[in-house]
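Colleague: I need the structure of the sequence given here:
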Amino acid sequence: PVDELLLGQDNNKKADVLLVADCVWLSSLIEPLLRTLNQYAHDSTEVFITYQQRGKDSHDLFMEGIHKLFDVVDVDTLTEANLVKPDVFHLLHCKRKVI
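Modeller: This is a model prediction of the structure:
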């Protein structure tokens, strides 16, 4: 159950899908976010991340880190859903890198 994950009672559980919304804004929180994603993802987990870019440093740090752990596709919302979005909005579809 989710409450066990949140309370840290079971760190061996993995998720099939991880959804991350608007969690990239403070540089100090990027490393814990990446660590958490890596901890709960297995090789076939699909991770969807969406956020508004608020600062260059946190965005660059996040992009560098997420690309080290996951194969990342920047979702083309115009092609996929006929949705135009500003360049500061990001929608990523990630799968864990298989080493």
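Colleague: after the longest strand seen in the chain, which helix or strand is next?
Modeller: Taking DSSP state E as the criterion, the chain has its longest strand at strand 41-52. Using DSSP states H and E, the helix or strand that follows strand 41-52 towards the C-terminus is helix 56-69.
Colleague: so what strands line up beside the following helix or strand past that next one?
Modeller: Counting by DSSP H and E, the next helix or strand C-terminal to helix 56-69 is strand 70-74. Strand pairing for strand 70-74, determined by DSSP bridges: strand 89-96 (antiparallel).
Colleague: run through who's touching the partner strand.
Modeller: For strand 89-96, contacts defined as Cβ atoms under 8 Å, 6 or more residues apart in numbering pick out 24, 38, 41-53, 66, 69-75, 77, 85. C-beta coordinates here come from the backbone N, C-alpha and C atoms, glycine included.
Colleague: quick one: mean pLDDT over that strand.
Modeller: Mean pLDDT, strand 89-96: 96.
Colleague: quick one: distance of it to the chain centre.
Modeller: Remark: strand 89-96 is offset 6 Å from the chain centroid, using Cα atoms, centre = their mean, to the nearest Å.
Colleague: same check on stretch 84-99?
Modeller: Taking Cα atoms, centre = their mean, the mean C-alpha location of stretch 84-99 is offset from the chain mean by 8 Å.
Colleague: just stretch 50-66 next, same as before
Modeller: 10 Å.
Colleague: could I have it exported to PDB, CA atoms only?
Modeller: Coordinates of the C-alpha atoms in stretch 50-66 are reproduced here as PDB (Å, rounded to 0.1, in the frame of the first residue of the first chain):
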ATOM      1  CA  THR A  50       5.300  17.100 -15.900                       C
ATOM      2  CA  TYR A  51       6.500  20.400 -14.600                       C
ATOM      3  CA  GLN A  52       6.800  24.100 -15.300                       C
ATOM      4  CA  GLN A  53      10.400  25.300 -15.600                       C
ATOM      5  CA  ARG A  54      11.000  28.000 -13.000                       C
ATOM      6  CA  GLY A  55      14.700  28.200 -12.900                       C
ATOM      7  CA  LYS A  56      17.600  27.300 -15.200                       C
ATOM      8  CA  ASP A  57      19.800  25.700 -12.400                       C
ATOM      9  CA  SER A  58      17.100  23.300 -11.100                       C
ATOM     10  CA  HIS A  59      16.000  22.400 -14.600                       C
ATOM     11  CA  ASP A  60      19.600  21.700 -15.800                       C
ATOM     12  CA  LEU A  61      20.400  19.700 -12.700                       C
ATOM     13  CA  PHE A  62      17.200  17.600 -13.100                       C
ATOM     14  CA  MET A  63      17.700  17.000 -16.800                       C
ATOM     15  CA  GLU A  64      21.300  15.900 -16.200                       C
ATOM     16  CA  GLY A  65      20.200  13.500 -13.400                       C
ATOM     17  CA  ILE A  66      17.200  12.000 -15.100                       C
END
